[in-house]
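Novice: Mind folding the following:
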Amino acid sequence: MKVTSKSYPISPPQLLVSVFLFFILLGTLLLKLPFATTEGITWLDSLFTTTSAMTVTGLIVVDTGTAFTLFGEIIIMILIQVGGLGIMSFAMLIFIMLGKKIGFKERLLIQQALNQTSIGGVIRLVKHLFLFSFIVEGIGFVFLASEWIPEYGWAKGSYYSLFHSISAFNNAGFSIWADGLMQYVGNPLVNIVISSLFIIGGIGFTVLTDLWYTRKFRKLSLHTKLMLVGTLVINVVAMFVIFVLEVNNPKTLGNLPLMDQLFGAYFQAVSPRTAGFNTINIGGMEDPSILLMIFLMFIGAGSASTGGGIKLTTFLVISLSVFTFLRQKKELRAFRRTIDEKFIFRSLAISMISVLLVFSALFIMSITEKDAPFLMVLFEVVSAFGTVGLSMGLTFDLSVIGKCVIVFVMFVGKLGPLTLAFSLASPSKEKIGYPKEDILTG
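Specialist: Numbers count the residues shown, from 1 in each chain. Predicted structure coming up:
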């Protein structure tokens, strides 16, 4: 069914962009209030922090724990929750609680916001989204509180646990401490709980719903199978590679006991998939490790998740397409299912727009941040695009133009390249077919 301009004044992508911009503006105003910060911040730094929180990125230009008051930190925490679960999802929850009828137009918005292929079952998905989120965040809070309440007392321990549970599940990467979680590099509970939270949040609510109703692997949807297998493989490989590359590096894992080295390698292998937390010094990592993390950040998390990037399934579809072409097969298949051609084109479009976005931002920042090493600038741009939040230390020293570029990249990275493209493009009305002709490629 096609939504015309008469039935809807603006398209769903345009509405999503508009609402997101409104909340970023609102958050910027709230963080600029005198009682939101300890010593005050500039309008640009307020905009940067709000965008980073709303896009659940985690890049910061001022230290969260010292620059903001309790009020400011709570505003950031709320922005993380709203941005992670989605503005439209919260709007639908209010509609459901008030008993309002949710029509086709509202379902279409949810479909667009949660990146679903159809409007069927989107309301059920929203209900499960909030149920899963609050349950998982609550469990994470309890486990973290068991560690931090004895260490910091009831008030601070509870608050730190709540803040980091919400930040981790929503893949935000915001931390109260300036060095992230480096002080807990060898702490099993903190490592396992925080990583479990952002892995569950990043795997996608569609997958979680499918797992809830389907207990046998062979009966799961193709999307769920790809996400589960892909996540497992990429995390194991990344952990092994980072451990091998960093085990003798005194700036990261070299001076740690073996168990701490394993925890550090594991955590930093799974964190680039849009989580943004760190337990080792990112700036001290070897160049090959940095390149691997850039690759992981660009791939990102799962569709309909709290994470960003081009998404793991997009990467898998393109990879499978390449293998299919090299094997001279006509159909793209996975787990005894055929993947429709339209998803191949969609994956290519997402990847191409993302590459162009990263290249454009990198080109500008290579001029404005000319004193910074190229690899550091590349890391910063891809971290912003993947809404990851990891940094090699450049964020605090960004120029005014550099901050503006990163803000834009975070914004596009969260909404998705296609959503922004669709919001700017006018629908094609061309119905004329033309004869096919071959071109030379390769």
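
Novice: All the helices of the stretch 1-150 of the chain, in order from the start?
Specialist: 12-31, 43-54, 64-67, 70-85, 87-97, 104-113, 122-152 (DSSP state H, counting those that start in this stretch).

Novice: How about the stretch 251-400 of the chain?
Specialist: 258-270, 287-299, 312-326, 341-368, 374-385, 400-415.

Novice: For residue 225, which of those helices is the nearest?
Specialist: helix 312-326 (10.3 Å; CB to CB). In this view, the C-beta of every residue, glycine as well, is placed from N, C-alpha and C.

Novice: residues in contact with that closest one?
Specialist: Counting contacts by CB atoms under 8 Å, 6 or more residues apart in numbering, the residues outside helix 312-326 that touch it are 223, 226-227, 230-231, 234, 273, 299-303, 331-334, 339, 343-344, 346-348, 350-351.

Novice: shaky segments in this structure?
Specialist: By pLDDT under 70, the low-scoring segments of the chain are 1-13, 87-125, 417-431, 440-442.

Novice: Centre-most residue in it?
Specialist: residue 307 (2.2 Å; CA atoms, centre = their mean).

Novice: Chain neighbours aside, what residue packs nearest to it?
Specialist: Of all residues not flanking residue 307 in the chain, residue 301 sits nearest, at 2.6 Å (CB to CB, 6 or more residues apart in numbering).

Novice: Also residue 194?
Specialist: residue 168 (4.8 Å).

Novice: My read is that that neighbour contacts residue 140, right?
Specialist: Yes - contact criterion CB atoms under 8 Å: residue 168 and residue 140 qualify, at 6.6 Å.

Novice: got any residues that touch both of the two?
Specialist: 193-194, 197.

Novice: Out of these, the closest to residue 278 would be?
Specialist: residue 194 (10.8 Å).

Novice: Quick check: the closest one vs residue 388, distance?
Specialist: Separation of residue 194 from residue 388 (CB to CB, to the nearest Å): 15 Å.

Novice: Filter the shared contacts of residue 168 and residue 140 down to the ones in helices?
Specialist: 193-194, 197 (DSSP state H).

Novice: want to throw the residues you listed into JSON lines with neighbour count and distance to residue 405?
Specialist: As requested, these are exported to JSON lines (neighbours: other CB atoms under 10 Å; distance: CB to CB, whole Å):
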{"residue": "193", "neighbour count": "22", "distance to residue 405": "34"}
{"residue": "194", "neighbour count": "28", "distance to residue 405": "29"}
{"residue": "197", "neighbour count": "28", "distance to residue 405": "30"}
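
Novice: For the residue lying closest to residue 297 once chain neighbours are set aside, give me its contacts.
Specialist: Nearest in space to residue 297, with sequence neighbours left out and distances taken as CB to CB, 6+ apart, is residue 386 at 3.9 Å. Neighbour list for residue 386: 272, 274, 297-300, 307-309, 413 [criterion: CB under 8 Å, 6+ apart].

Novice: for residue 54, same thing?
Specialist: Counting by CB under 8 Å, 6+ apart, residue 54 has contacts 20, 23-24, 27, 79-80, 82-83, 414.

Novice: Quick check: which element contains the closest residue in space to residue 144 that isn't next to it in sequence?
Specialist: In this structure, residue 144 finds its nearest non-sequential neighbour in residue 161, 3.8 Å apart by CB to CB, 6+ apart. Here residue 161, judged by DSSP states H and E, is contained in helix 154-169.

Novice: Would you pull up how far that helix lies from the middle of the chain?
Specialist: Mean C-alpha position of helix 154-169 versus that of the full chain (CA atoms, centre = their mean, to the nearest Å) differs by 20 Å.

Novice: Kindly format the C-alpha coordinates of it as CSV.
Specialist: Output of helix 154-169 as CSV, limited to C-alpha atoms (Å, rounded to 0.1, in the frame of the first residue of the first chain):
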residue,chain,number,x,y,z
TRP,A,154,24.3,2.3,48.4
ALA,A,155,23.7,5.7,46.7
LYS,A,156,26.7,5.9,44.4
GLY,A,157,26.8,2.2,43.8
SER,A,158,23.2,2.0,42.8
TYR,A,159,23.4,5.1,40.6
TYR,A,160,26.6,3.9,38.9
SER,A,161,25.0,0.5,38.3
LEU,A,162,21.9,2.0,36.7
PHE,A,163,23.8,4.4,34.5
HIS,A,164,26.2,1.8,33.2
SER,A,165,23.4,-0.8,32.7
ILE,A,166,21.4,1.6,30.6
SER,A,167,24.5,2.8,28.7
ALA,A,168,25.7,-0.8,28.0
PHE,A,169,22.4,-2.2,26.9
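
Novice: orientation of it relative to helix 43-54 in degrees?
Specialist: 80 degrees (axes from the mean of the first three to the mean of the last three CA atoms, to 10 degrees).

Novice: Mind listing residues that contact stretch 158-169?
Specialist: If you take CB under 8 Å, 6+ apart as the criterion, stretch 158-169 is touched by 58, 73, 77, 80-81, 84, 133, 136-138, 140-142, 144-145, 147-149, 152, 172-176, 193-194, 197-198, 200-201, 275, 277, 306.

Novice: if you set the cut-off to 7 Å instead, what comes out?
Specialist: 73, 77, 80-81, 133, 136-137, 140-141, 144-145, 148-149, 152, 173-176, 194, 197-198, 200-201, 277, 306 (CB atoms under 7 Å, 6 or more residues apart in numbering).

Novice: Same check on stretch 23-35?
Specialist: 36, 40, 43, 46-47, 49-51, 53-54, 69, 71-72, 75, 79, 82, 87.

Novice: Give me the buried positions along that stretch.
Specialist: Buried residues in stretch 23-35, counted by 16 or more other CB atoms under 10 Å: 24, 27-28, 30-32.

Novice: Looking at those residues, which one is closest to residue 292?
Specialist: Nearest member of the buried residues of stretch 23-35 to residue 292, counting by CB to CB, is residue 24, at 31.5 Å.
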